[in-house]
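Visitor: below is the sequence, then the predicted model.
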Amino acid sequence: MERAASFTAVPGWGGVVIGVSAIAAGALSVGHSVQTQFSVWVSESVLALLIAFVAVRLKSKRLELSLQSRAARRALLSFAPPLLAGAIITAVLYQAGMVMVLPGLWLLLYGAAVVTGGAFSVRIVPVMGLCFMLLGAFSLLAPAVWGNVFLIVGFGGLHIGFGTVIARRHGG
C-alpha cells in the first residue's frame, strides 16, 4: 500500500555514493581559499545531481516503478523549488561576496527540498531533510570558517547514514 501511494525509488546506495563524493570534495577543499572551496562545492553539487539522477533511474527500473507516476511527479515538483531558490540565492550572494553564509544556506534549503519531496516518499526521507535543516541552522549560527566541516558532515555523513538505512529497508 505504501509503495503505491509513495515514491519509493529514492536511491539509498546512490545517497551513499553522493556522501562519499561529498567527503572527497570536502577533503579537497581543506586548506584552500573560500573561493576555491566555493568552486569545489558547486562542482560537487552538479556531480551529486548527476549521481542522483542515474541512481533514481536505475532503482526505478529495477523495481519496475514509473517515474511518470503521480507520486514521482509530486516528489520532483516538491523537491525542485527549494533547490532552485538555493541556486538563485547562491548566485546573488556570490555576486555580493557573501559566500561564507552559503554552507548553512545550502544545507537548510537542501533539507527543505528533501522534506517537501520526501512528503511523497517513505517516512525516513523527510526525517533526513529535517536533519539537514537542523545542521544548516547550526552552521549559520557557528563561525563561518566551520562551513566546510558542516558541508562534509551534512552532504557526506547524512547521505551515507540515511542512504545506508534507505538501501537496507527500501530495496537499494
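Guide: Okay, I see it.

Visitor: going forward, measure contacts between C-alpha atoms and count neighbours the same way
Guide: OK.

Visitor: report the buried residues of the longest helix along the chain.
Guide: Using DSSP state H, we find that the single longest helix of the chain is helix 34-62. Going by neighbour count (16 or more other CA atoms under 10 Å), the buried part of helix 34-62 is 34, 37-38, 40-41, 44-45, 48, 51-52, 55-60.

Visitor: and that helix, how far from the chain's centre?
Guide: 9 Å (CA atoms, centre = their mean, to the nearest Å).

Visitor: next: stretch 83-93.
Guide: In this view, stretch 83-93 has its centroid 15 Å away from the chain centroid, taken as CA atoms, centre = their mean.

Visitor: so what's Arg70 scoring on pLDDT?
Guide: According to the model's per-residue confidence, Arg70 sits at a pLDDT of 80.

Visitor: counting neighbours, what do you get for it?
Guide: Other residues within reach of Arg70, judged by other CA atoms under 10 Å, total 14.

Visitor: what sits against it?
Guide: Listed by CA atoms under 8 Å, 6 or more residues apart in numbering, the contact set of Arg70 is empty.

Visitor: centroid residue for this structure?
Guide: With distances taken as CA atoms, centre = their mean, the chain has Tyr110 as the residue nearest its mean C-alpha position (5.3 Å).
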